[in-house]
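[1] following is a predicted model, sequence given first.
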Protein chains: 2
Amino acid sequence: MAKSVTSLDIARHAGVSQATVSRVLTGSPVRQELCDKVKAAIKELKYRPNGTARAMRSSRTGNIGLVVPRLQNPLHPALLHVLASAITQAGYRAVVWSTDDMDEKAAADAVRESLVDGVIMTAATSASIQLYEAVRLNAPVVLVNRVVEGWPCDQVASDHVAGAGMVADYFLSSGRRRVCMVGGISQSSSIRQRQSGFSEMLASRGRPLEKRYCELVELFSYSTGFEATARLLDLAEPPDTLFCTNDILALGARDAARQRGFGVPDDLWIVGYDDIEMASWHAFDLTTVRQPLPEIAEIGLAFLLERINGYAGEPRSIRLPNHLVLRGSTGRRLKVSS
Amino acid sequence: MAKSVTSLDIARHAGVSQATVSRVLTGSPVRQELCDKVKAAIKELKYRPNGTARAMRSSRTGNIGLVVPRLQNPLHPALLHVLASAITQAGYRAVVWSTDDMDEKAAADAVRESLVDGVIMTAATSASIQLYEAVRLNAPVVLVNRVVEGWPCDQVASDHVAGAGMVADYFLSSGRRRVCMVGGISQSSSIRQRQSGFSEMLASRGRPLEKRYCELVELFSYSTGFEATARLLDLAEPPDTLFCTNDILALGARDAARQRGFGVPDDLWIVGYDDIEMASWHAFDLTTVRQPLPEIAEIGLAFLLERINGYAGEPRSIRLPNHLVLRGSTGRRLKVSS
DNA sequence: CTGAAAGCGCTAACAG
DNA sequence: CTGTTAGCGCTTTCAG
């Protein structure tokens, strides 16, 4: 690596002081003539200001940490994409952690070592102690998508309770009766809220979810969705309607129905959650709940940038509404009641 | 934000010089007694060394840039995942760019501004001039997955020519005759190599690809795969065998066949490329070519770290072998000839 | 408006 | 082994 050219080199080359070079760089007022000389020198020597020095001086790295959960679920790349785009657009860089374990600690370390200006956490659980510590120390952290009650930081998510309630409502209004759910004992608040939103709506409308119609899986994947659904379809009185707490499970469910010879939607309605891209594919044509990811990302980042810039108001908590996307895996009938 | 504690604070608190604190931090030899005092002070004041200062002093940020193509294709999150994991594992941080446009420029800027120690580029095309400039200036850059002939930097990819040749071979050895291909005029070297590997193998075995059996699409997505395949199946003499130059196209193709009432593999064989997770799903059960992503990531990162550490040997270029994964979308017969 | 000068927090060479 | 002393490259007072 060749010794790199510094602002002092530029200064000498342009016959001005080093401070003037810095002024040109930061856009402070400088006489046109000198400014031009400096710019010419910069171009000629192919000068680029050293980012780490600048970061140190201004205590701003321009980096934003981004913690996303396992990328196997296509929702997460989608979320990553909108957030990373927003971050890049805003003139920052996205430092991404997605390796299941060490990442939360790595992210917490990075804020505390001033290697990132703030962190957007999309995988928070109440077990995220490292980051909680950082939050308590007033580091700029916002929780996006998955939230944790009681953390003193900004939180942005969609309204999973209402979204899942909407599904329950849709089922009952459409006269579905043998309703079941595939979910799990998840660390993720979004999953838990979907489950409670669904079962509470059913209960409140007088048709509580039956125990035997509730399958809980450990891991949320295509194959666990497939297997759980296979078990339900093998019951003496199989369900006629299935809610999966995310799309990946639902796609597995759809294939289990296919494999068992159950017609969809004739014998079985299936609804997922997230509206990942595959949900719209012909093979699945899955009714699902779409979250407003772009808005979530935008608001989350806006909150974070405000914090980075010193805003110190009370923690804010935002819930954005979801949207039911009707497709061929259900009867496509429109919801009747409110 | 409270004024943060520095190594000088620790020094005062422990009654030693600031240099000694630094030594404890970097692991230089220090008398046990002083070392303990320093460590106690660090713990007590919850001190964390300032990463930007350290970065400036050592001209090492510990950040590695990672440019990945549009995350809509599930291969790319998979690649991102293995690379980001490897980077985190190695004690570095991954700065990710995935927003289609500005990212290559942003990555090039970041190396030149010493905001990252090096860049792993998985989306290089011959149009990537910004990064090419950085490479010419000897910045640590390695090209992974997509490569560009003639760039003076390390390159790691799988052997797409041989991989696609293997598919052609498999088709002909299995007696398939009405062979077609869905590909495109792509910027991506991997796609181009797959296409030429496929058609050259067909030609060399005396059954060149017919023009009418070659569909080229602009964008590589489920829906373009669907549509291109629909066109092929609507021909007076539809093909009996289809190679798609990536899995996303092939999944669209599979659904086009389903929708048109073509049985797979009875009426139509389909083969994709990449072995993305969906390929193994029941609905698709797609024969495809798997690349050794973990090895690609590992070698790519190893090369980059060597360069970062000053290795200045000739550019290296590695091609790893691919692997045909036989599933239900083809006759599952094993390849006969070599 | 411009130059001189003072550091940001850390590492490392230099004397003890 | 330890303390003292220079900076890394930049931004930002402070005088002029």
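    Okay, I see it.
[2] okay, now the domains of chain A?
    Structurally, chain A divides into domains by automatic domain parsing as follows: A:7-49, A:63-158+A:292-320, A:160-291.
[3] using a markdown table, lay out the ones you listed together with mean pLDDT and mean neighbour count.
    (Glycine included, C-beta is placed from N, CA and C.) Listed next are the domains of chain A as a markdown table, based on pLDDT from 0 to 100; neighbours: other CB atoms under 10 Å in any protein chain shown:
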| stretch | mean pLDDT | mean neighbour count |
| --- | --- | --- |
| domain A:7-49 | 91 | 16 |
| domain A:63-158+A:292-320 | 93 | 21 |
| domain A:160-291 | 95 | 21 |
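[4] among those, which is nearest B:Ser329?
    domain A:160-291 (12.5 Å; CB to CB).
[5] from one end of that closest one to the other, what's the distance?
    9 Å (CA to CA, to the nearest Å).
[6] quick one: it to chain centroid distance?
    Relative to the chain's own centre, domain A:160-291 is displaced by 21 Å; criterion: CA atoms, centre = their mean, to the nearest Å.
[7] equivalent analysis for stretch A:108-117, please.
    In terms of CA atoms, centre = their mean, the gap separating the centre of stretch A:108-117 from the centre of its chain is 20 Å.
[8] tell me the centre residue of chain A?
    Note on chain A: the residue nearest the mean C-alpha position is A:Leu79, at 4.3 Å, using CA atoms, centre = their mean.
[9] next one: phi and psi at it?
    Per-residue torsions, A:Leu79: phi -70, psi -50 (degrees, to the nearest 10).
[10] that one against A:Pro292, yeah?
    No - using CB atoms under 8 Å, A:Leu79 makes no contact with A:Pro292, being 11.6 Å away.
[11] so can I have a markdown table of the domains of chain A showing distance to chain B?
    Converted to a markdown table, those look like this (distance: least, CB to the nearest CB, whole Å):
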| stretch | distance to chain B |
| --- | --- |
| domain A:7-49 | 4 |
| domain A:63-158+A:292-320 | 4 |
| domain A:160-291 | 4 |
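[12] of all those domains, which one is nearest DNA strand C?
    DNA strand C lies closest, by CB to the nearest atom of the strand, to one member of the domains of chain A: domain A:7-49, at 2.7 Å.
[13] got a list of what the nearest residue to A:Phe262 once chain neighbours are set aside touches?
    Among residues not flanking A:Phe262 along the chain, A:Leu268 sits closest, at 4.9 Å (CB to CB, 6 or more residues apart in numbering or on different chains). Residues near A:Leu268 by CB atoms under 8 Å, 6 or more residues apart in numbering or on different chains: A:233, A:238-242, A:257, A:262.
[14] isn't A:Ser221 right next to A:Gln72, touching?
    Yes - counting by CB under 8 Å, A:Ser221 does reach A:Gln72; the two are 7.0 Å apart.
[15] among the contacts of A:Leu268, which lie within helices?
    Mapping those onto helices (DSSP state H) picks out A:233, A:257.
[16] so which of the contacts of A:Leu268 sit within strands?
    Members of those lying in strands (criterion: DSSP state E): A:241-242.
[17] want to throw the contacts of A:Leu268 into TSV with distance to A:Val38?
    Output for those, formatted as TSV (distance: CB to CB, whole Å):
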residue	distance to A:Val38
A:Leu233	73
A:Pro238	76
A:Pro239	73
A:Asp240	74
A:Thr241	70
A:Leu242	67
A:Ala257	69
A:Phe262	73
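[18] now the contacts of A:Leu268 in TSV, with distance to DNA strand C?
    Converted to TSV, those look like this (distance: CB to the nearest atom of the strand, whole Å):
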residue	distance to DNA strand C
A:Leu233	60
A:Pro238	63
A:Pro239	60
A:Asp240	63
A:Thr241	59
A:Leu242	55
A:Ala257	59
A:Phe262	63
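[19] list the contacts for A:Arg260?
    Taking CB under 8 Å, 6+ apart as the test, what A:Arg260 contacts is A:230, A:233-234.
[20] what does chain A put close to DNA strand D?
    Proximity of chain A to DNA strand D, by CB under 7 Å from any atom of the strand, involves residues A:3-4, A:6-8, A:18-19, A:21-23, A:25-26, A:28, A:49-50, A:53-54, A:56-58.
[21] distance from the chain centre to the helix or strand containing A:Ala110, please.
    Per DSSP states H and E, A:Ala110 falls inside helix A:103-112. Distance of helix A:103-112 from the chain centroid (CA atoms, centre = their mean) equals 18 Å.
[22] sheet-wise, list the partners of the next helix or strand after that helix with their directions.
    Next along the chain after helix A:103-112, taking DSSP H and E as the criterion, comes strand A:118-121. Strand A:118-121 has its sheet partners listed here by DSSP bridges as strand A:63-67 (parallel), strand A:141-144 (parallel).
[23] where does A:Asp285 land in three-state SS?
    coil (DSSP: H, G, I helix; E, B strand; the rest coil).
[24] what's the pLDDT at the residue lying closest to it once chain neighbours are set aside?
    Spatial nearest neighbour of A:Asp285, excluding adjacent residues (CB to CB, 6+ apart): A:Gly328 at 3.7 Å. If you check A:Gly328, the pLDDT there is 95.
[25] also the one 10 residues further on?
    With respect to pLDDT, A:Ser338 scores 39.
[26] any residues touching the helix or strand harbouring A:Lys39, and which ones?
    Assigned by DSSP H and E, A:Lys39 falls within helix A:32-45. Residues from elsewhere that reach helix A:32-45, judged by CB under 8 Å, 6+ apart: A:5, A:9-10, A:13-16, A:20-21, A:24, A:30, A:47.
[27] do stretch A:149-156 as well
    By CB under 8 Å, 6+ apart, stretch A:149-156 touches A:124, A:132, A:135-136, A:141-145, A:147-148, A:189, A:296, A:299-300, A:303-304, A:307, A:315-318, A:320.
[28] residue boundaries of the strands in chain A?
    A:63-67, A:93-97, A:118-121, A:141-144, A:154-158, A:179-184, A:214-217, A:241-244, A:269-271, A:288-290, A:317-320, A:323-325.
[29] could you dump those strands into TSV and include distance to A:Glu277?
    Output for these, formatted as TSV (distance: least, CB to CB, whole Å):
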stretch	distance to A:Glu277
strand A:63-67	21
strand A:93-97	20
strand A:118-121	22
strand A:141-144	20
strand A:154-158	18
strand A:179-184	21
strand A:214-217	22
strand A:241-244	16
strand A:269-271	17
strand A:288-290	11
strand A:317-320	20
strand A:323-325	12
